[in-house]
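K.L.:
Structure of the sequence below:
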Amino acid sequence: MSPDSVPLDGSLAYPRDDEGSILTLDRYCIGNAMRDFRASENAGNGSTAVIPIHWATLAAENRMDILAPFADIPQDARQSRVIIDLFGLPDQLTARQLTEVIAAARPLCKTVALRTRLTDSRAKLAADCGAALIGVDLSQLPPAERTDDPALLGHLRRFRDQAAGFGLGAYVWGARRRAVVVGAVQGGFALVNGPALMKDIAKPAKVLPAPKSRFTAG
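P.N.:
Numbering: from 1, shown residues only. Model (predicted):
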């Protein structure tokens with residue numbers, strides 16, 4: 001990547017129309033995340049882990065081969081401290097397809113979260129199909145939606161309110177500016193991540209709680 005290149009994050013970092021590469025990336029990330037989670041359990045660290053998994057992986061016929069590392073974690077630990085963050089949802093997604101995928105993922109974790117676009121939250125679909133959280137992936141904002149921080153926070157509040165109307169928690173993925181992190185945390189989003197909060201990393205990270213008092217406008 002050249003110094004002037006725009007970094008790709010979120011779902012944009014995964015190749016389009018290349019299911020083999022997507023499955024390989026997810027197999028690597030899941031294996032490493034479960035190994036780290038197992039080590040934290042052995043060390044007595046009861047933190048939550050968010051595991052991003054692409055739609056193509058959970059919808060694949062051989063998904064259980066790729067999800068096999070989850071079986072190395074005791075069920076009670078998975079059910080209390082693992083969140084599966086499902087991203088890369090296809091545009092033409094039916095309720096039946098999503099319900100099937102969430103049902104397959106649900107025994108492996110505490111919560112299934114859906115990561116979507118700001119203008120396509122699919123909150124009703126997510127609630128109807130058994131998800132508990134819905135998130136907005138800021139890396140997918142088109143140029144027309146890359147507004148200043150106050151305008152973006154206004155859009156995020158509407159996203160959060162729509163999610164709450166269907167009984168869902170909301171989260172923000174890929175925040176690159178501190179003002180957005182502060183506004184999202186103070187605005188009641190369940191999870192917030194991105195380069196403005198922590199450095200870019202090569203694999204999923206444990207979620208560590210932080211008091212809201214850390215995130216002030218100053």
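
K.L.:
roughly how far apart are residue 123 and residue 75?
P.N.:
Residue 123 sits at a distance of 29 Å from residue 75 (criterion: Cβ to Cβ, to the nearest Å). Glycine gets a C-beta too; all of them are placed from N, C-alpha and C.

K.L.:
Quick one: the helices in the protein, in order.
P.N.:
Taking DSSP state H as the test, the helices found in the chain are 19-42, 55-59, 63-66, 75-81, 95-105, 123-128, 149-165, 178-186.

K.L.:
returning to what we had before: compare residue 123 and residue 75 (neighbour count), which wins?
P.N.:
Taking residue 123 and residue 75 together and counting by other Cβ atoms under 10 Å, residue 123 has the greater number of neighbours (22 against 11).

K.L.:
beta partners of the most centrally placed residue in the chain?
P.N.:
Centroid-nearest residue in the chain: residue 85, 3.7 Å away (criterion: Cα atoms, centre = their mean). According to DSSP bridges, the residues that bridge with residue 85 are residue 52, residue 113.

K.L.:
Let me see the confidence value for it.
P.N.:
Among the per-residue scores, residue 85 holds a pLDDT of 95.

K.L.:
got it, and residue 218?
P.N.:
48.

K.L.:
Ok, residue 201 next?
P.N.:
50.

K.L.:
now swap in the one 5 residues further on and tell me
P.N.:
In this model, residue 206 is scored at 56, pLDDT.
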